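Q: sharing a sequence plus its predicted fold:
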Amino acid sequence: MRRISFGTSGWRGIFCEDFTFENVKIVTQAIADHLRARGVEDRGLIVGCDSRFMGERFARETARVLAGSGIKSYVCDRDTPTPVIAFEVLRRRTAGAINFTASHNPYDYNGLKFSPESGGPALPETTRDIEERANAMLGEICYKEMPLDKAFRAGLVEEIDPRAAYFEAIRRLVDFDAIGRSGMTIGVNPLYGTARGYLDKLLQEAGVEVRTINDHRDPYFGGLPPEPSQSHIGDFISMVKSDAAIGLGLATDGDADRYGILDGDGAYIEPNYILALLADYIVRVKGKSGDVARSVATSHFLDAVADYHGLTLHETPVGFKFIGELISADKILIGGEESAGLSVRSHVPDKDGILACLLVAEMVAVEGKSLRDLLSDLYGRVGEFHTRRENIRLSPELEESFAGKLVEPPVELAGKKIEKVVTIDGSKWLFRDGSWVLFRKSGTEPVVRVYAEARSAEELERMIGAADAFIRG
Ligand code: VG1
Ligand code: CO
């Protein structure tokens, strides 16, 4: 049997192959044992799922196994966004959460994200302990479980609706009056996922007109991965383009921890830009101050914004758990990743796509400008940044050659001398003109990621070309 392994965010597997009831119960038992070893089992766990096939069934099986170990489950009454689960962990002070989601992966996957009492994604030392316990149990029936009705009667399972408390928290972070006053019409695309009844509802309550697409549950996600990237939301782009009334398009991924933003004319605005724009807006307009953080793969546009405002920047490995740690320690004002994840001070230490979308709506409402105009204003103040990420399918050959290629970086790439090598995640090579490339293996899907950034679009093309040739060659 294949080993259980937690990646960048949780354990993910293909249905029937790795992601089976049997393995889910084993991983749950491993989590139960982990909680007992830490002496926090009395606090119980939030248990939730996204909109994937059989999410509720997995949640119930997990509750049965937790009950078998005397651990209480607070089971969400419907598919629930990851940031809402994070919020509920903090609000109820539970020992954490088990969340069934494979986030942006295609429909044939499911996954399990475990968060400890911080509410943020578990750090590697925690997932290592859970993996070890789970792998030691593989191949034998070693979990204890309780029939669900008995668990209910024993008070070990309770159904919860986490929406109202989360709404209240979001209302403290976002200026809904400004959004309401703008009179904007906003397009919303929850990508058949968990943001249904969250993002649209909050905007409607603010008094703006909302036009939705893909707002029913579809475990096939319309055939594409539920990732709100430019290549996966063509239907939404067409909708916003063709509807002159829409002033902004907001999308979220399957578990609503990522965002995807369209300008009023349907132009997709890269998450790297959104992060920089929001950081600038929060400081310049909302008058906040503090450090900022980004993953090693994220655009240095954020560094330029930090410099401009005299803020300190932290660089982390990829995975929001590392940025979440900084939020939990109250060290940063805003932190984010190029993959469209961000959160802010005093909010959950996990990425929140709903909050990100709402902050963008607030920014557009307050500034009274299109995102592209805001972007060109910011370019004018801190300079231009052009960034791209490419995914290369992990063939057996690439799997074999990849690590070796990075052991000893070359002296130069694309005719430019490599000035510095950063290895906190994969291998990042920095050049004197501010450009950089990064190579790393994904921890959520079978691909190698190549990231590049330059100060002009032409230079970016050159860098991506050279990086691609290097890794494939
Ligand atoms: C990807 C992204 C990373 C993100 C992670 C989980 O990881 O690059 O930024 O935190 O997915 O996102 P990787 O290792 O595949 O590059 V989610 O929305 O899938 O929980
Ligand atoms: Co996600």
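A: Okay, I see it. Ligands and ions are numbered 1, 2, ... in the order given.

Q: partners of the helix or strand hosting residue 419 in the sheet?
A: Assigned by DSSP states H and E, residue 419 falls within strand 416-422. Strand pairing for strand 416-422, using DSSP bridges, gives strand 412-413 (antiparallel), strand 427-431 (antiparallel).

Q: of these, flag the one that's most buried.
A: The highest mean neighbour count among the strands paired with strand 416-422, using mean count of other CB atoms under 10 Å, belongs to strand 427-431: a mean of 20. All C-beta atoms are positioned from the backbone trio N, CA, C, and that covers glycine.

Q: can you give me the offset of it from its chain's centre?
A: 24 Å (CA atoms, centre = their mean, to the nearest Å).

Q: closest to ligand 1 out of the strands paired with strand 416-422?
A: The closest approach between ligand 1 and any of the strands paired with strand 416-422, judged by CB to the nearest ligand atom, belongs to strand 427-431 at 13.6 Å.

Q: now do that closest one: everything it contacts.
A: Strand 427-431 has contacts (CB atoms under 8 Å, 6 or more residues apart in numbering) with 296-297, 406, 409, 413, 416-422, 436-440.

Q: in ChimeraX, how would I select just the buried ones from these?
A: Typed into ChimeraX, the line below selects the buried ones among those, using 16 or more other CB atoms under 10 Å:
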select :296,297,406,409,413,416,418,436,437,438,439,440
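
Q: ok, which of the contacts of strand 427-431 also contact ligand 2?
A: Among the contacts of strand 427-431, no residue sits close to ligand 2 (CB under 5 Å from the ion).

Q: was I right about residue 83 contacting residue 344?
A: No. Taking contacts as CB atoms under 8 Å, residue 83 lies outside contact range of residue 344: 11.4 Å.

Q: which residues of the chain score low on pLDDT?
A: 1 (pLDDT under 70).

Q: list the contacts for the closest residue to ligand 2 within it?
A: Ligand 2 sits closest to residue 103 of the chain, with a gap of 3.1 Å, by CB to the ion. Residue 103 makes contacts with 9-10, 50, 82, 111, 113, 226, 253-255, 257-258, 444, as judged by CB under 8 Å, 6+ apart.

Q: what's the neighbour count on the residue nearest to residue 276 when sequence neighbours are not counted?
A: Spatial nearest neighbour of residue 276, excluding adjacent residues (CB to CB, 6 or more residues apart in numbering): residue 301 at 4.1 Å. Using other CB atoms under 10 Å, residue 301 is surrounded by 28 other residues.

Q: give me the distance between residue 301 and residue 208.
A: For residue 301, the distance to residue 208 (CB to CB, to the nearest Å) stands at 29 Å.

Q: what residues does the stretch 101-250 of the chain have near ligand 1?
A: 103-104 (CB under 6 Å from any ligand atom).

Q: those strands in the stretch 101-250 of the chain, which residues are they?
A: For the stretch 101-250 of the chain, the strands defined by DSSP state E, counting those that start in this stretch cover 109-115, 157-160, 185-189, 209-212, 246-252.

Q: the last one near ligand 2 anywhere?
A: So the one you mean is strand 246-252. No. Legend: contact between strand 246-252 and ligand 2 by CB under 5 Å from the ion is lacking; minimum distance shown is 8.4 Å.

Q: next structured bit after that strand?
A: Assigned by DSSP H and E, the successor of strand 246-252 is strand 259-263.

Q: and the contacts of that following strand?
A: Strand 259-263 is contacted by residues 187, 189, 228-230, 233, 236-237, 240, 248-253, 268-269, 271, 274, 340, 342, 353, 356-357, 360, 370-372 when judged by CB under 8 Å, 6+ apart.

Q: mind splitting this structure into its structural domains?
A: The chain resolves into domains spanning 11-161, 165-382, 386-472 when parsed by automatic domain parsing.

Q: hang on, the earlier thing: same list (the contacts of residue 103) but as JSON lines, adding distance to residue 173.
A: What follows is those, written out as JSON lines (distance: CB to CB, whole Å):
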{"residue": "9", "distance to residue 173": "23"}
{"residue": "10", "distance to residue 173": "25"}
{"residue": "50", "distance to residue 173": "23"}
{"residue": "82", "distance to residue 173": "17"}
{"residue": "111", "distance to residue 173": "28"}
{"residue": "113", "distance to residue 173": "23"}
{"residue": "226", "distance to residue 173": "25"}
{"residue": "253", "distance to residue 173": "20"}
{"residue": "254", "distance to residue 173": "23"}
{"residue": "255", "distance to residue 173": "20"}
{"residue": "257", "distance to residue 173": "16"}
{"residue": "258", "distance to residue 173": "18"}
{"residue": "444", "distance to residue 173": "27"}
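
Q: wasn't residue 308 part of a helix?
A: Yes. Under DSSP: H, G, I helix; E, B strand; the rest coil, residue 308 sits within a helix.

Q: what number of residues lie near it?
A: By the criterion of other CB under 10 Å, residue 308 has 16 neighbours.

Q: again with residue 302
A: 28.

Q: next: residue 221.
A: Neighbour count for residue 221, taken as other CB under 10 Å: 23.

Q: was I right about it contacting residue 189?
A: No. Here residue 221 does not reach residue 189: they are 11.5 Å apart, not a contact under CB under 8 Å.

Q: what segments of the stretch 251-400 of the chain are strands?
A: Assigned by DSSP E, counting those that start in this stretch, the stretch 251-400 of the chain shows strands spanning 259-263, 268-269, 291-295, 313-316, 332-337, 341-344, 386-393.

Q: quick revisit: just put the contacts of residue 103 in TSV and tack on neighbour count and distance to residue 325.
A: As requested, the contacts of residue 103 are arranged in TSV below (neighbours: other CB atoms under 10 Å; distance: CB to CB, whole Å):
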residue	neighbour count	distance to residue 325
9	29	14
10	25	16
50	29	24
82	33	17
111	24	21
113	26	16
226	33	26
253	33	22
254	33	24
255	35	20
257	37	16
258	30	19
444	19	19
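
Q: the contacts of strand 259-263, buried ones only, as a ChimeraX selection?
A: Selecting only the buried entries of the contacts of strand 259-263 in ChimeraX, with 16+ other CB under 10 Å as the criterion:
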select :187,189,228,229,233,236,237,240,248,249,250,251,252,253,268,269,271,274,340,342,353,356,357,360,370,371
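
Q: I'd say residue 355 and residue 344 touch.
A: Yes. Contact criterion CB under 8 Å: residue 355 and residue 344 qualify, at 7.2 Å.

Q: what's the overlap in contacts for the two?
A: Residues touching both residue 355 and residue 344 (CB under 8 Å, 6+ apart) are residue 173.

Q: what parts of this structure come near ligand 2?
A: So far as CB under 5 Å from the ion goes, the chain lies against ligand 2 at 103, 253, 255, 257-258.

Q: quick check, nearest of these to residue 401?
A: Nearest to residue 401 among those, counting by CB to CB, is residue 103 at 28.4 Å.
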